[in-house]
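Trainee: Model the following, please.
(2 chains)
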Amino acid sequence: MIYVVAIGVFMLLLVALAGLLTVAERVLVNYGVCKMDINRGEKTLDVDGGQTLLSALYGHKVFIPSACGGKGSCGHCKVAVLEGGGPVLPTETPYLTRTEVRSGLRLACQVKIRQDIQIRIPDELLSVKLFTASVESTRSLTHDIKEIRLTLIEPAEISQRPGQYVQIQAPSPEGPVFRAYSISSASYEHNVVELNVRLVPGGIGSTYLHSLQVGDEVTLTGPYGEFVLNEEPETEIVCVGGGCGMAPMKNIIYSLYERWPQRTCWLFFGCRTPNDVFYLEEFRALAAQHPQLRVIYALSDIPSASSDWDGETGFVHLAVNKHLEPDVKRQAFLCGPPPMIDAVTTVLHQKGLQPKDIFYDKF
Amino acid sequence: MSEASFFVILLAAVFTNNILLANFLGMCSFLACSRQIPTALGLGAAVVFVMFTTTLINYGIYHGILVEGAPLCPANLEFLSFIVFIAVIAGFVQFVEMFVERFSPRLYYSLGIFLPLITVNCAILGVALFMVIRQYSFMQSAGFGLGAGLGWALAILLIAGLRTRMGYSRVPAPFQGVAIIMIVTGVMAMAFMGFAGMVSIQ
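Mentor: Below is the predicted model:
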């Protein structure tokens, strides 16, 4: 008997508390409709107050990059809030430098909309769309890297620049998360997004992508990324990659030779062993058509005497140092692990490249 | 039941029976949010408010519903006190957060963001349970709730000051980070034992 009473009393208390909170939420957390102004009048949205800036933007199909799904743990969703954002919260400060705070940058997932708000986002982000796609083919490039081609369904075309990336929506126990992958298909292939994915043990995005079968449906947003290819035909392009950092460079090289068949381009790629080499045949075939493309692969582990490896050995920055003449007009794109990027950047500085001409993707 | 007055219990809860330094309750937020003085001050103020108000609410619920022969429910439901106190604290803190967010955005930015942290602060529950164990009257509970909150705020403010200072001292590598804070907290607790003879509450 006493237990029935106990349960009853406890239930009543909980119902009372829940009721109080629900009523409070209705009355208190209702800010009505607020006006959101993007880029000083370029776009005006009416959004419901009380939600975060990130979810309001997603609700109106403005896709800010975000990897953690609004938990404030990735720091990707930086947006300049000009007015109406309130002070910077302690949950944001770990992800913002002092200069960023001064220029008004905020984490969109932490800013709550309570009044009319003015924000500024890069124009490119306004052209980011949500795509549904289906898997056209998958191919193992090495033991842990897969090439995955996605055919776009809705919208059916993407307009991307070489070096840009997309965010793939992957399921996780705590709801969908987004993971960024560079586009490896050339920018003239408007209805395809191709990715190179290395399987990371325990990784949410890569495990999901590796498990996909032909015909499976995938949701992605994009394109993101600020890299702009130099358009002067006499400027040489230098691509340096390592590990599985090939995707953006493949896009750059194929797009480049579609537009400037005579342009000089260097591709340096570093791997460990002959088993980690991929796309070499494809690039050699392309180099046969376009002699100005130089393809140089370097193995960091010394190959055994019995192997028929005819490329470079040693770390990739040594190969860069060996092959490039100094003081030629160049633009460089690097993609790979941080130590490799740092080493290659140093070499490129010595070869006379300005920091503004060196772009990189560290991962 | 002791006969100590409101002020005696308040003073005792701040100095001799400091909830953090004597009972070591509420350590997690104490360690996590004591890096800077303004943060510590904000969290401390929020704890004072929540501790004081939830103690009073829990007093009302305990003596109105749970205790044997209570006016609202005569059955003896004291065994429910743990879970009821937790639910009440969580619900109340949620409510206060929404309220403050709506009516005083400035207070919300300085205090409100700490409120969700306090929901799971064991010191708050500890105070409610001590109130029951020590059989405090209403005024005594009020004094104890306020005093315990002030004591906790004092402790985190002191450690925040020490941590700011410690930024300039060279701590041996094995003690860096939380380790040295635990040691300093222990020393501070010993220092507070110097107050022990002043007043005593059970």
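Trainee: correct me, but residue A:333 touches residue A:161?
Mentor: No. Using C-beta atoms under 8 Å, residue A:333 makes no contact with residue A:161, being 11.7 Å away. All C-beta atoms are positioned from the backbone trio N, CA, C, and that covers glycine.
Trainee: Does the top helix by length along chain B reach chain A?
Mentor: Looking across chain B with DSSP state H, the single longest helix is helix B:138-166. No. Using C-beta under 8 Å from any C-beta of the partner chain, helix B:138-166 stays clear of chain A, coming no nearer than 14.0 Å.
Trainee: One more: stretch B:29-45?
Mentor: Yes. For stretch B:29-45, a contact with chain A is found by C-beta under 8 Å from any C-beta, at residue B:39.
Trainee: residues in contact with that stretch?
Mentor: Stretch B:29-45 has contacts (C-beta atoms under 8 Å, 6 or more residues apart in numbering or on different chains) with A:90, B:20, B:110-111, B:114, B:117-118, B:121, B:152-157, B:159-161, B:163-164, B:178, B:181-182, B:185.
Trainee: Mind giving me the ChimeraX select for those residues, buried ones only?
Mentor: Applying 16 or more other C-beta atoms under 10 Å in any protein chain shown to those, the buried members can be selected in ChimeraX as follows:
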select /A:90 /B:20,110,111,114,117,118,121,152,153,154,155,156,157,159,160,163,181,185
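Trainee: Tell me which residue of chain A lies closest to chain B.
Mentor: Per C-beta to the nearest C-beta, residue A:17 is where chain A lies closest to chain B, at 3.7 Å.
Trainee: any idea how far that residue lies from residue B:179?
Mentor: Distance of residue A:17 to residue B:179, given as C-beta to C-beta, to the nearest Å: 40 Å.
Trainee: Please say which of the two ends up with more neighbours.
Mentor: Higher neighbour count among residue A:17 and residue B:179: residue A:17, with 17 against 12, using other C-beta atoms under 10 Å in any protein chain shown.
Trainee: do you know how far that one is from residue A:359?
Mentor: Counting by C-beta to C-beta, the gap from residue A:17 to residue A:359 is 54 Å.
Trainee: now swap in residue A:221 and tell me
Mentor: For residue A:221, the distance to residue A:359 - C-beta to C-beta - is 22 Å.
Trainee: who in chain B is up against chain A?
Mentor: Within chain B, the positions lying close to chain A (C-beta under 8 Å from any C-beta) are B:39, B:61, B:65, B:73, B:75-77, B:79-80, B:83-84, B:87-88, B:91, B:94-95, B:98-99, B:101-102, B:105, B:109, B:113.
Trainee: how about the residues of the stretch 1-150 of chain A near chain B?
Mentor: So the stretch 1-150 of chain A meets chain B at A:2, A:5-6, A:9-10, A:13-14, A:17-18, A:20-21, A:24-25, A:28-29, A:86-87, A:89-91, A:114 (C-beta under 8 Å from any C-beta).
Trainee: So which of these belong to strands?
Mentor: Using DSSP state E, the subset of these located in strands is empty.
Trainee: are any of those buried, and which?
Mentor: Buried among these (16+ other C-beta under 10 Å): A:6, A:9-10, A:13, A:17, A:21, A:24, A:28-29, A:86, A:89-90, A:114.
Trainee: residue contacts, whatever residue of chain B ends up closest to chain A?
Mentor: Residue nearest to chain A within chain B: residue B:91 (3.7 Å; C-beta to the nearest C-beta). Shown in contact with residue B:91 (C-beta under 8 Å, 6+ apart): A:17-18, A:20-21.
Trainee: okay, residue A:221 and residue A:359: which has more neighbours?
Mentor: Taking other C-beta under 10 Å, residue A:221 and residue A:359 do not tie; residue A:221 has more neighbours (21 against 17).
Trainee: excluding its backbone neighbours, what's nearest that one?
Mentor: In this structure, residue A:221 finds its nearest non-sequential neighbour in residue A:63, 4.3 Å apart by C-beta to C-beta, 6 or more residues apart in numbering or on different chains.
Trainee: Mind checking which of the residues of chain B next to chain A are in helices?
Mentor: B:39, B:61, B:83-84, B:87-88, B:91, B:94-95, B:98-99, B:101-102, B:105, B:109.
Trainee: Widest-spaced pair of the residues you listed?
Mentor: Greatest spacing in these, by C-beta to C-beta: B:83 and B:105 (33.9 Å).
Trainee: Might you list the low-confidence residue ranges for chain B?
Mentor: Residues of chain B that meet the criterion pLDDT under 70 lie in B:1-2, B:110-113, B:202.
Trainee: change it to 50
Mentor: By pLDDT under 50, chain B has no low-scoring segment.
Trainee: Residue 173: neighbour count?
Mentor: I'll assume chain A. Quick note: residue A:173 (other C-beta under 10 Å) scores 6 neighbours.
Trainee: could you do chain B instead?
Mentor: 7.
Trainee: swap in residue A:19?
Mentor: Counted with other C-beta under 10 Å, the neighbours of residue A:19 add up to 10.
Trainee: Read off the pLDDT value for it.
Mentor: pLDDT, residue A:19: 92.
Trainee: Phi and psi next, for the residue nearest to the spatial centre of chain A.
Mentor: Nearest to the mean C-alpha position of chain A, by C-alpha atoms, centre = their mean, lies residue A:180 at 3.4 Å. Main-chain torsions, residue A:180, degrees, to the nearest 10: phi -90, psi 130.
Trainee: cool, and residue A:313?
Mentor: With angles defined as degrees, to the nearest 10, residue A:313 sits at phi -130, psi 160.
Trainee: tell me the contacts of the nearest residue to residue A:49 once chain neighbours are set aside?
Mentor: Computed as C-beta to C-beta, 6+ apart, the closest residue to residue A:49 that is not its neighbour in sequence is residue A:31, at 2.6 Å. Residue A:31 makes contact with A:48-50, A:113-115, according to C-beta under 8 Å, 6+ apart.
Trainee: Output those as JSON lines; include the columns distance to residue A:340.
Mentor: Shown next, in JSON lines, are the contacts of residue A:31 (distance: C-beta to C-beta, whole Å):
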{"residue": "A:48", "distance to residue A:340": "46"}
{"residue": "A:49", "distance to residue A:340": "47"}
{"residue": "A:50", "distance to residue A:340": "46"}
{"residue": "A:113", "distance to residue A:340": "42"}
{"residue": "A:114", "distance to residue A:340": "46"}
{"residue": "A:115", "distance to residue A:340": "47"}
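Trainee: which of those residues has the most neighbours?
Mentor: Most neighbours among these, by other C-beta under 10 Å: residue A:113, with 23 neighbours.
Trainee: how about the CA coordinates for stretch A:297-316, as CSV?
Mentor: Provided in CSV are the C-alpha atoms of stretch A:297-316 (Å, rounded to 0.1, in the frame of the first residue of the first chain):
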residue,chain,number,x,y,z
TYR,A,297,55.2,9.6,-56.4
ALA,A,298,57.6,9.1,-53.5
LEU,A,299,57.7,6.2,-51.1
SER,A,300,58.8,7.0,-47.6
ASP,A,301,59.7,3.3,-46.8
ILE,A,302,62.7,2.1,-48.8
PRO,A,303,61.2,-0.5,-51.2
SER,A,304,62.7,-3.9,-51.2
ALA,A,305,65.3,-4.7,-53.9
SER,A,306,62.9,-7.1,-55.6
SER,A,307,60.2,-4.5,-56.2
ASP,A,308,60.1,-2.8,-59.5
TRP,A,309,59.5,0.7,-58.1
ASP,A,310,60.8,3.3,-60.5
GLY,A,311,59.7,6.5,-58.6
GLU,A,312,61.2,8.5,-55.9
THR,A,313,62.0,7.3,-52.4
GLY,A,314,62.1,9.3,-49.2
PHE,A,315,59.7,11.9,-47.8
VAL,A,316,57.7,13.9,-50.3
